[in-house]
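S.K.: Fold the following.
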Amino acid sequence: MDTAGRDDAGRERAGRDAGGPEPGADVRDALERLLLGGPRRLTRLQVTEAAGMPPERTQRLWRALGFPDAADDDLVFTDADVDALALVSALIDTGFIDPGTEASIARATGQALSRLADWQTDMLAGALTRQAREHGSADAVAAAEVLLPLLTRTQDYVWRRHLAANVDRLLSSGAPGDRRELAVGFADLVDYTSRSRGMDGRELGAMIEGFEATATEVIARSHGRVVKTVGDGVLYTATSAVDAVEIALILPDVWESDDRLPLRVGVAYGTVLTRLGDVYSPVVNLASRLTSLARPGTVLVDRVLAGRLRGLHGYRVRPLRRVSVRGYDQLQPWLVQRRPPDEEDNALEEMLDELADDVLAAEPEDEVDGLFEGADPGIDEGG
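M.R.: Presented below is the predicted three-dimensional model:
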């Protein structure tokens, strides 16, 4: 992290070398004070003393938030940092945060807000550069003074709405604590690694932005929650099996285009540990394995989810042959498709429905293997 003392020295040297003050230094100073709530005037030890916290604890929290260490004599911190530490102490005193988990919470908060800040930095830079070019540096700082409170209020509103939605889902599920019954889905862009090598930064950025925007909209519309996006994929959850499968069926169709990579989706259902916004469970691993097996444009689910869908007229649920993948010697994938609404009585489909019921009724170790010989329409042999 840059420190005030080092920044000032660097600016003075730059000013002497250029024969005058460094361009924009006054704007940067003003913006920094605005963003940090005041000038950098405190060292790490002064902050810990003012907050009444041990130095090792404040350093642990600082690192967990994602910031590099500051030397003991560097003027890095502001009065707002002291206030923030006092807030952490107050939260612990209320019992809302356990002292043993404060670093984990700081880490999760830092990672989420760091990504948000990365995006907002580009937006702010563009807006302030235009303002400075058209109206001068003073107006650029004035624009930031107007913009920052608006961003803060917007973020607070979105955070409260998400918190309210999560509380509602938790109370509606009737499951106490951090263990819940959820459907977990992975949507994955096929051949992303090989295709992305031939793209320039603009093309790749546009594709990822388009994918994330489409996935977020479809998942939200179908009552799911985006857990995280990782470049070529998105991890989501839903409390309802039907909602989870609707997301899986709709997303590839909405995304499909001749100039886009196809999508494949895997979904599993079971007990999930929710922690700091992420989800952990063998169910997550199972959904990932199913996704790697799926062919482009198809949806594969696990046995539990297949059982919840079987009997619902809107879906075809078909067992595919078992396969061995990492962590599973005999994994039984189930292909889910939307049943045509105008489908009339069909002897073949009725027979396949009965076969699916027989497999679901059997004990897992007694399931019949190889119900469909040859190439399975839902399994990617190269996955």
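
S.K.: Every contact and neighbour count from this point should use C-alpha atoms.
M.R.: OK.

S.K.: Strands of the chain, start to end?
M.R.: 179-189, 225-229, 233-238, 263-275, 278-280, 299-301, 315-319, 323-325, 328-331, 334-338 (DSSP state E).

S.K.: wait, which of those strands is closest to Asp79?
M.R.: strand 263-275 (31.5 Å; C-alpha to C-alpha).

S.K.: rewinding a little: out of the strands of the chain, deepest packed?
M.R.: strand 299-301 (a mean of 31; mean count of other C-alpha atoms under 10 Å).

S.K.: hmm, who's touching that one?
M.R.: Here strand 299-301 makes contact (C-alpha atoms under 8 Å, 6 or more residues apart in numbering) with 248-249, 264-268, 287, 290-291, 293-294, 333-337, 378.

S.K.: let's see it at 7 Å
M.R.: Residues from elsewhere that reach strand 299-301, judged by C-alpha atoms under 7 Å, 6 or more residues apart in numbering: 248-249, 264-268, 290-291, 294, 333-336, 378.

S.K.: Against Ala30, how distant is Val299?
M.R.: 53 Å (C-alpha to C-alpha, to the nearest Å).

S.K.: Leu305 too?
M.R.: 56 Å.

S.K.: and those two? which has more neighbours close in?
M.R.: Leu305 (23 against 19; other C-alpha atoms under 10 Å).

S.K.: doesn't Gly266 make contact with that one?
M.R.: No - at 10.8 Å, Leu305 does not count as touching Gly266 under the criterion of C-alpha atoms under 7 Å.

S.K.: So in this structure, which helix runs the longest?
M.R.: Taking DSSP state H as the assignment, the helix of the chain that covers the most residues is helix 137-173.

S.K.: Just want the angle from it to strand 233-238.
M.R.: 50 degrees (axes from the mean of the first three to the mean of the last three C-alpha atoms, to 10 degrees).

S.K.: ok and helix 137-173 relative to strand 179-189, angle-wise?
M.R.: Using the same axes, to 10 degrees: helix 137-173 against strand 179-189 is 130 degrees.

S.K.: pLDDT check: weakest of the contacts of strand 299-301?
M.R.: Of all those, Gly378 has the smallest pLDDT value, namely 63.

S.K.: for the stretch 151-300 of the chain, which spans come out with low pLDDT?
M.R.: The stretch 151-300 of the chain contains residues with pLDDT under 70 at 166, 168-177.

S.K.: Spatially nearest residue to Leu189, not counting backbone neighbours?
M.R.: Distance criterion C-alpha to C-alpha, 6 or more residues apart in numbering; nearest residue to Leu189, sequence neighbours excluded, is Leu263 at 4.8 Å.

S.K.: and of the strands of the chain, who's closest to Ala361?
M.R.: Nearest of the strands of the chain (C-alpha to C-alpha): strand 315-319, 12.3 Å.

S.K.: Direction included, what does that closest one pair up with?
M.R.: Using DSSP bridges, the strands paired with strand 315-319 are strand 334-338 (antiparallel).

S.K.: Just list whatever residues bridge to the spatially most central residue of the chain.
M.R.: Taking C-alpha atoms, centre = their mean as the criterion, Lys228 is the residue nearest the geometric centre of the chain, at 1.9 Å. For Lys228, the beta-bridge partners under DSSP bridges are Leu235.

S.K.: can I assume it is in contact with Thr237?
M.R.: No - Lys228 is beyond contact range of Thr237, at 10.1 Å (criterion: C-alpha under 7 Å).

S.K.: hmm, back to that, for the strands of the chain, could you give me JSON lines that also reports distance to Thr214?
M.R.: Formatted as JSON lines, those follow (distance: least, C-alpha to C-alpha, whole Å):
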{"stretch": "strand 179-189", "distance to Thr214": "12"}
{"stretch": "strand 225-229", "distance to Thr214": "12"}
{"stretch": "strand 233-238", "distance to Thr214": "11"}
{"stretch": "strand 263-275", "distance to Thr214": "12"}
{"stretch": "strand 278-280", "distance to Thr214": "21"}
{"stretch": "strand 299-301", "distance to Thr214": "17"}
{"stretch": "strand 315-319", "distance to Thr214": "23"}
{"stretch": "strand 323-325", "distance to Thr214": "30"}
{"stretch": "strand 328-331", "distance to Thr214": "30"}
{"stretch": "strand 334-338", "distance to Thr214": "20"}
